[in-house]
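Trainee: Provide a 3D model corresponding to the input given below.
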Amino acid sequence: MDTVAVETIRCPACRGELERRALSDADGVLLCERCRTWYPIESDTPVMLRFPTPFHRRFGSAHASELGGFHAPAGSPRTGEEAVQETFTDQWDITRADELSFTYTTDELVELNRRVWLRWLADLPADERPRRVLDVGAGAGAETLALRELLPDAEIHGIDLNFALLRRRPEYRDLPDTRFAVASLFDLPFADETFDLVYSQGVIHHTYSTEDAFASIASRVRPGGHLFVWVYGLDDHLAPGGASPLSKRLNWTAEQVLRPALTRAPRPARDAMFKALTTVWHPRMKGNQRHGGDWTRQNTEHALRDWLSPRYARRHGFNEVTEWFERAGFRVIDTQSPSAYAELFGQPLWGVGMTGVKRT
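Mentor: Below you'll find the model as predicted:
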């Protein structure tokens, strides 16, 4: 973990500055003198959570003699946050070695952002392009890699609640000027108004309150900076195009029945149910993919977990999202391009993708 990262991040509990201390047989620890809290580092990635987890208990037990005078995080998780952390850790753990992420290759993710979601980047003069970027919901790192390709001169920070981030692929771990942290988007370990661009694709709707999550990440955008979010659309299952109306209705019904059962099941039972669902769904899903030849059972299970295991999967309308931007002091400058998406992938684009500039 380099000096820039230590200087940029803050204690998520009190916003105090942090100091790195080396430890025996570990990557080290970050210490907050203000509130006397320690935050572990593993795989060069700090775990910046306000609440304790089994990971903290193991770390604290292994290094108790070296952490005298400091204590583990003692806060409480937000509503449903532990369940969200568990299911997304399980989801991302099964596809660490695979290039495909939600049916997209790395190159396709770059073009998806360049032509569909972040079109406005091409219109910015070189000296006005984002220099410090926050990727909220980095998954296992693939989306952050796409941002790295689009913004080669930027300093990029990727955060996610899930612990699979500690085991991401080596090529993500060693990207230049790219840093990761396990953190909650409700307690981001950065000062307000730190970033030129805050980016969050397919993440904030998986929380107890999408609107509260939006407000939290919007606070980290500097005046004149950009915020991009993509969330599930309110009526996507009713929109024309793509799968047949009957197929979409059946998928919608399956989701309403299966998600409540799967997300609340104990982990062993949930794992067994997803193995069974993967066996049933895999032939159909593989046959419908652009990259069907490379599509594996692990890809199918990952996609099914993303669809059915999150505790929350809220849907929102265009006007509702626009109002969030306006209320947070942003001017909406761009929305996603369905035509560019169809040109790239031959399919309709769902969801609501929007970018705003924070008023100065």
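
Trainee: ok, and for stretch 293-309, which residues are buried?
Mentor: 295, 298-309 (16 or more other C-beta atoms under 10 Å). Where C-beta positions appear, they are placed from N, C-alpha and C, glycine not excepted.

Trainee: got those residues as TSV, with pLDDT columns?
Mentor: Listed next are the buried residues of stretch 293-309 as TSV, based on pLDDT from 0 to 100:
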residue	pLDDT
295	87
298	88
299	88
300	90
301	91
302	89
303	89
304	91
305	91
306	90
307	89
308	91
309	92
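
Trainee: Using a markdown table, lay out these together with secondary structure.
Mentor: Below are the buried residues of stretch 293-309 laid out as a markdown table (DSSP: H, G, I helix; E, B strand; the rest coil):
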| residue | secondary structure |
| --- | --- |
| 295 | coil |
| 298 | helix |
| 299 | helix |
| 300 | helix |
| 301 | helix |
| 302 | helix |
| 303 | helix |
| 304 | helix |
| 305 | helix |
| 306 | helix |
| 307 | helix |
| 308 | helix |
| 309 | coil |
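
Trainee: mind listing the strands for the stretch 51-200 of the chain?
Mentor: Along the stretch 51-200 of the chain, the segments classed as strands by DSSP state E, counting those that start in this stretch run 132-136, 155-160, 178-183, 195-201.

Trainee: Residue 222 against residue 191, yeah?
Mentor: No: using C-beta atoms under 8 Å, residue 222 makes no contact with residue 191, being 10.2 Å away.

Trainee: quick one: contacts for residue 114?
Mentor: Counting by C-beta atoms under 8 Å, 6 or more residues apart in numbering, residue 114 touches 121-122, 150.

Trainee: let's go with 10 Å and repeat that
Mentor: 121-122, 146, 149-150, 340, 344 (C-beta atoms under 10 Å, 6 or more residues apart in numbering).

Trainee: tell me which element residue 230 is part of?
Mentor: strand 221-231 (DSSP states H and E).

Trainee: buried ones in that strand?
Mentor: So for strand 221-231, counting by 16+ other C-beta under 10 Å, buried means 221-222, 225-231.

Trainee: Mean neighbour count, mean pLDDT and distance to residue 319 added to the strands of the stretch 51-200 of the chain, as CSV?
Mentor: Supplementary listing: those in CSV, determined by neighbours: other C-beta atoms under 10 Å; pLDDT from 0 to 100; distance: least, C-beta to C-beta, whole Å:
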stretch, mean neighbour count, mean pLDDT, distance to residue 319
strand 132-136, 25, 98, 23
strand 155-160, 26, 96, 29
strand 178-183, 25, 95, 31
strand 195-201, 25, 98, 19
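
Trainee: how about the ones you listed in a markdown table, adding distance to residue 277?
Mentor: Shown next, in a markdown table, are those (distance: least, C-beta to C-beta, whole Å):
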| stretch | distance to residue 277 |
| --- | --- |
| strand 132-136 | 29 |
| strand 155-160 | 24 |
| strand 178-183 | 28 |
| strand 195-201 | 25 |
